[in-house]
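Q: coords please:
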Amino acid sequence: FTRPNGLFLKARLLNVGTPYVVVSAALTAFFWFLASRSAGEWHVEKLVGQLGFNIVTGDAWNTLWYIPVILGLYAIAPILYRIVTNPRLLWVTLILAFAPLVFSRAGTDITPATFIFFMGAFVVGLSIGRNLERSLDWTLDHRMMLALVALACSIAIAFLYVTETDNLGPISVVESFFYVQRLSMGMLILAFLRHWS
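A: Numbers count the residues shown, from 1 in each chain. Got it, this is the predicted structure:
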């Protein structure tokens, strides 16, 4: 990072964390009010407990679950960036990037597996970003391979849905294919933008 880590974290916490806490508090209070009015009982301690739970888990609204994950990734971003930029830790970078293939996210629940799943994509993004020009050149040169990977994953996902096959022990095969599909499609978008620019 070109800026000190403290400024990076402060900007992310202010720009993402503050609106998230405000929205979570407003939604929690609104639903608490509706439930309390319906029951005729007003327990403020339940509101406080629910608010804390919702902020940690993103449960104030079903689409907020990913914000605590993102904030967690922002918090450890300096550590991940040091790993990615250290050639001696390439093996750690590869483990983190490929970990989502065996650590399947569990829907919208905040679990260690969910965090590991998104950390893999975050590490790939950091790796691309640290050598952006070289990465963009690579994606453009390998766009046909990336398109074939995305297509193969899409076919595999469709087949798994049709056959109602998913779990291989604790591993969700569908989520593993989704991970590779999304990465390859994301890189294709980068290749397109590189070509278009």
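
Q: packing partners for whatever helix or strand residue 54 lives in?
A: Secondary structure from DSSP states H and E places residue 54 in helix 44-57. If you count contacts as 3 or more C-beta pairs under 8 Å, 6 or more residues apart in numbering; DSSP states H and E, helix 44-57 packs onto helix 18-39, helix 66-85. C-beta: built from backbone N, CA, C; applies to glycine.

Q: burial count for residue 53?
A: Other residues lying near residue 53 total 14 when counted by other C-beta atoms under 10 Å.

Q: Same check on the one 3 residues further on?
A: Number of residues near residue 56 (other C-beta under 10 Å) recorded here: 11.

Q: Name all residues that make contact with the residue lying closest to it once chain neighbours are set aside.
A: Nearest residue to residue 56, sequence neighbours excluded (C-beta to C-beta, 6 or more residues apart in numbering): residue 68, at 6.3 Å. Neighbouring residues of residue 68 by C-beta atoms under 8 Å, 6 or more residues apart in numbering: 55, 56, 57, 58, 110.

Q: can we see that at 7 Å?
A: 56, 57, 58, 110 (C-beta atoms under 7 Å, 6 or more residues apart in numbering).

Q: likewise residue 188?
A: Neighbours of residue 188 in contact, by C-beta under 7 Å, 6+ apart: 143, 146, 147, 150.

Q: So which of those residues is surrounded by the most neighbours?
A: residue 146 leads those on contacts (other C-beta under 10 Å) with 21 neighbours.

Q: Test my guess that that one contacts residue 186.
A: No. In this structure residue 146 lies outside contact range of residue 186 using C-beta atoms under 7 Å: 9.3 Å.

Q: circling back: quickly compare the helices and strands packed on helix 44-57 and say which is most buried.
A: Burial of the helices and strands packed on helix 44-57 is given as mean neighbour count (mean count of other C-beta atoms under 10 Å); helix 66-85 ranks first at a mean of 17.

Q: Tell me which residues of the helix or strand that it is followed by come out buried.
A: Once the chain leaves helix 66-85, the next helix or strand it forms, by DSSP H and E, is helix 90-98. Residues of helix 90-98 classed as buried: 93, 96, 97, 98 (neighbour count, 16 or more other C-beta atoms under 10 Å).

Q: Could you dump the residues you listed into CSV and include distance to residue 19?
A: Putting the buried residues of helix 90-98 into CSV (distance: C-beta to C-beta, whole Å) gives the following:
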residue, distance to residue 19
93, 31
96, 28
97, 30
98, 33
